[in-house]
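S.K.: just a sequence and a predicted model for now, questions to come.
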Amino acid sequence: MPIVLPLLISGVHVDAWAVAKPLIFSMLVPLVVGLLVHHYWPRVAAPLAKIAGPLGQLTLVLILVAVLVSAWNTLTGMLGQRLILAGILYIAGCYGIGYLLSSRELRLENAFSTAQRNFAAVNVVAINSIGDPDTVVAAVVISFMAMFILFPAAGLIQRRRTTTSR
């Protein structure tokens, strides 16, 4: 992002450390700690993993509710600015790129992973580096739109695959 944005938008400067710092401390450090615990203390890691999954899901829901409640006026104002349309086009465009640039064997898997990207990282950057409430709301809304669009679509494709393989 610090390299690409200035090329796409003239006059934009993105501080690489301002983007990297929240990602390192909210994603990379916990990942490394988890891997180390898993490697050196597997008996401790197993029960922690059972707690971490539901806790992560609960945290995700709480963040969604908090953002929606605290930024309701911003969100409703953005809906008139074609946020939903932009989100759908973004998700569909990413899906299309992943589909077209993939090998035949992994086409659907790569299309879905390209469409969902890493919205956790997007939200971390939006909250910690950009700081604009409109950007944070847009990032959260489009993240959840991707889940609401892609999860049911993946389920339909999986059902179709299971039906045709019988």
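M.R.: Structure received. Predicted model, so just to flag it, every value in this text is computed and none were measured.

S.K.: point out where this structure drops to low pLDDT.
M.R.: Per-residue confidence for the chain (pLDDT under 70) gives these ranges: 1-14, 78-81, 118, 120, 128-131, 165-166.

S.K.: what residues are up against the residue most central in space within the chain?
M.R.: Compute the mean C-alpha point of the chain, and by C-alpha atoms, centre = their mean the closest residue is F119, 1.4 Å away. The contact partners of F119, taken as C-beta atoms under 8 Å, 6 or more residues apart in numbering, are A139, I142, S143, A146. All C-beta spots, glycine's among them, are computed from the backbone N, C-alpha and C.

S.K.: how distant is the longest helix seen in the chain from the center of its chain?
M.R.: When the chain is scanned for its longest helix (criterion: DSSP state H), the result is helix 133-165. The chain centroid and the centroid of helix 133-165 are separated by 11 Å, computed with C-alpha atoms, centre = their mean, to the nearest Å.

S.K.: on that earlier part again, and the residue nearest to the centre of the chain, how far is that from V140?
M.R.: F119 sits 9 Å away from V140, taking C-beta to C-beta, to the nearest Å as the criterion.

S.K.: got the contacts of F119 as JSON lines, with distance to R43 and neighbour count columns?
M.R.: Rendered in JSON lines, the data for those read as follows (distance: C-beta to C-beta, whole Å; neighbours: other C-beta atoms under 10 Å):
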{"residue": "A139", "distance to R43": "38", "neighbour count": "20"}
{"residue": "I142", "distance to R43": "40", "neighbour count": "19"}
{"residue": "S143", "distance to R43": "35", "neighbour count": "23"}
{"residue": "A146", "distance to R43": "37", "neighbour count": "21"}
